[in-house]
Structures are given as C-alpha cells and as structure tokens.
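A.B. asks: sequence unavailable; structure follows:
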C-alpha cells in the first residue's frame, strides 16, 4: 500500500514488484498498477515499467521478470507480450535460450529442429541449403548420421549410386586401384585375384596361364606344355626333343638317355632296338642306328654293344 502523512514524506511506501505508479502524492495502494504484458518492474517503488529486451518475452501482466525465449525460438521485438517467441523457420535454430535471431542449422544438420543428416548424406557447412542434406556422390559413402562429409571408397571398393552408406568390395577376379571408385575392373587375361576388395590383380606365375578376363585363379600348364614368363595367357607345347613330365612347368627338359621326341608337345619315347642315343647327344629329336656289328638288345638304351 501507499501512505503519506502531512508531516513526514519519508513514510511513503513503494509499489511492489511488478507494479508502478506515475502519480505524485498517491494516498492508497490501488494507485499502483500492474505492469502490462511485455513489461516488468523488478524493484519496489517504480514509477514506470521496463520493456522486455529482445530475446525475451512476458505474456502476463504484473511480473517482475521477463522469460528467455526457448531454444529454437527467438524475438527481436522490444516489449514482446506473446505467449511464446516466434519459432525458427525450417533449417534454423538457436544456440541455447534467450536469442534475438535464429541461425542456420550447423553443418551435418537440416530442417525443422535441425535434425541430423541421414546416413548416406551430408551437409558441409552452415552456408549450404539448411533445408536439405546432399546425397553422397558415387565413389563415396557415409555410414553415420549428422556428418559434414562423405568418405571416399578406398582402393578395392566402390559405390555405383549416390547416397550410399557403405562402399562395396570388388569381387574376386576384379580390382579397383583408385580412391572414389565407381566400378570394379575385371583382371586382364594373364592375371588373377582370388581375394575380394583388392586394389590390384596378380600376374600368373611361370608354369601357369589364364586366357580369360575376370578370373580368380590361374591354371597350370598341361603335361608337355609350359609357360616361362609371368602373366602368360596361354601355354606352349614343348619343342621336339623335350618334354615336361608334370603339370605347371615353367620350362621343358631335353629327353633323357635312350629317348627321343620328334613331335612337339608329346612325351619322350624310347629309342627302338638297334638304335641308341647317348647323354652327350643334345639332338634329342631322333635316335641313331647302331654301326655294323653293334646293336641294342632292348629299347631305350644309351649305347650300342657288340653283337653276340
């Protein structure tokens, strides 16, 4: 209440918090008036009320404090008497409470409430369109939400479409040597790759070959065939006078003592009776007939002996 005597003006009482009076010489409490909505008075004895500053509001009268705008809302109005501050537009938000202006969603977020970008998408900065996230480009992926960038597929993996969560490993028989690959490449003839997710293909070893592309293994050369170099696409018949007795040979060997070969790609044969071939005779395409008075009793001998 307000009281005033004729003898002592120091006995006047101030209007309570949330109220004010502009009248001089007021003699009753009813003279104190509630501050209107949007205004406050936090001191006793106020002659006026103060407007809520930007970033605050007060929808009720007779109050001594203004209310901070909630997160996601803001106002730049002085003396805001609305029940709530204005909600930020889609793609905007505020940092904490009591804000004057809304700001674009931070990187990795978008839309109403600044939600996280979905996996397979990204938003790089606050200057990008705040209402949408961008799909990851081909050759990149992102497995987590709320990210600012997509990660490149490492060599040996790819994505063929936009907006992918994970890169896919190349199949066996294929490779991809580059970052950000968008397709896997078949291994060339003469090469192979048995593992998935590989950056390179491997040359076939000597003794092997591969005539087709996109294969996970090389094939051994057949008996009496060979390949002497890495990366062979085919095997070669052993020359006349030579043979390879096992599969997967990198070279052929001259026929042994008492044997010959006059057809390429065939195994060595025993010299017939009456013929021989010594170990120092490097011409293995034929056997040599024994001289007069000499012979070989059995096939496949390296030297002739006297006739009995």
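C.D. replies: Ah, there it is. Everything numeric in this text was worked out from a predicted model, so none of it was measured.

A.B. asks: need the contact list for residue 215.
C.D. replies: 173, 187, 192 (C-beta atoms under 8 Å, 6 or more residues apart in numbering). Every C-beta, even on glycine, is put in place using the N, C-alpha and C of the backbone.

A.B. asks: of these, which belong to strands?
C.D. replies: Using DSSP state E to define strands, the subset of the contacts of residue 215 located there is residue 192.

A.B. asks: top of the contacts of residue 215 by neighbour count?
C.D. replies: Neighbour count (other C-beta atoms under 10 Å) singles out residue 187 as the most crowded of the contacts of residue 215, with 25 neighbours.

A.B. asks: any idea how far the nearest residue to it once chain neighbours are set aside is from residue 157?
C.D. replies: Of all residues not flanking residue 187 in the chain, residue 201 sits nearest, at 3.6 Å (C-beta to C-beta, 6 or more residues apart in numbering). For residue 201, the distance to residue 157 (C-beta to C-beta, to the nearest Å) stands at 15 Å.

A.B. asks: residue 216: how many residues sit nearby?
C.D. replies: Count around residue 216 with other C-beta under 10 Å applied: 15.

A.B. asks: oh, that last question was meant for residue 40, not what I typed.
C.D. replies: Quick note: residue 40 (other C-beta under 10 Å) scores 27 neighbours.

A.B. asks: distance of it relative to residue 99?
C.D. replies: From residue 40 to residue 99 the distance is 19 Å (C-beta to C-beta).

A.B. asks: of the contacts of residue 215, closest to residue 261?
C.D. replies: Among the contacts of residue 215, residue 192 lies closest to residue 261 (C-beta to C-beta), at 31.7 Å.

A.B. asks: ok, the closest one touching residue 174?
C.D. replies: No. If you go by C-beta atoms under 8 Å, residue 192 and residue 174 don't touch, sitting 10.4 Å apart.

A.B. asks: what about the residue lying closest to residue 302 once chain neighbours are set aside, distance to residue 263?
C.D. replies: Nearest residue to residue 302, sequence neighbours excluded (C-beta to C-beta, 6+ apart): residue 257, at 3.7 Å. Counting by C-beta to C-beta, the separation of residue 257 from residue 263 is 20 Å.

A.B. asks: okay, these two: which has more neighbours?
C.D. replies: Neighbours were counted for residue 257 and for residue 263 using other C-beta under 10 Å; residue 257 has more, 16 against 13.

A.B. asks: wait, that one touches residue 282, no?
C.D. replies: No. The criterion here is C-beta under 8 Å, and residue 257 misses it with residue 282 at 12.0 Å.

A.B. asks: as a markdown table, the contacts of residue 215 with distance to residue 88 and pLDDT would be great.
C.D. replies: Putting the contacts of residue 215 into a markdown table (distance: C-beta to C-beta, whole Å; pLDDT from 0 to 100) gives the following:
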| residue | distance to residue 88 | pLDDT |
| --- | --- | --- |
| 173 | 54 | 98 |
| 187 | 55 | 98 |
| 192 | 59 | 98 |
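
A.B. asks: now the contacts of residue 215 as JSON lines including distance to residue 77?
C.D. replies: What follows is the contacts of residue 215, written out as JSON lines (distance: C-beta to C-beta, whole Å):
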{"residue": "173", "distance to residue 77": "69"}
{"residue": "187", "distance to residue 77": "69"}
{"residue": "192", "distance to residue 77": "73"}
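
A.B. asks: quick one: contacts for the residue nearest to residue 302?
C.D. replies: By C-beta under 8 Å, 6+ apart, residue 257 lies in contact with 277, 278, 279, 302.

A.B. asks: show me the residues you listed that map onto strands.
C.D. replies: Residues of the contacts of residue 257 located in strands (DSSP E): none.

A.B. asks: highest neighbour count among those?
C.D. replies: Using other C-beta under 10 Å as the neighbour criterion, residue 277 leads the contacts of residue 257 with 26 neighbours.

A.B. asks: so what's it closest to, chain neighbours aside?
C.D. replies: With sequence-adjacent residues excluded and distances taken as C-beta to C-beta, 6+ apart, residue 277 is closest to residue 287, at 4.7 Å.

A.B. asks: burial count for that neighbour?
C.D. replies: Neighbour count of residue 287, defined by other C-beta under 10 Å: 26.

A.B. asks: please identify the buried residues of stretch 97-112?
C.D. replies: By 16 or more other C-beta atoms under 10 Å, the buried positions in stretch 97-112 come out as 97-99, 102-111.

A.B. asks: pick the one among the residues you listed closest to residue 132.
C.D. replies: Nearest to residue 132, judged by C-beta to C-beta, of the buried residues of stretch 97-112 is residue 110 at 5.8 Å.

A.B. asks: mind checking how far the closest one is from residue 124?
C.D. replies: Residue 110 is 12 Å from residue 124, where distance means C-beta to C-beta.

A.B. asks: what's the answer for residue 155, then?
C.D. replies: From residue 155 to residue 124 the distance is 24 Å (C-beta to C-beta).
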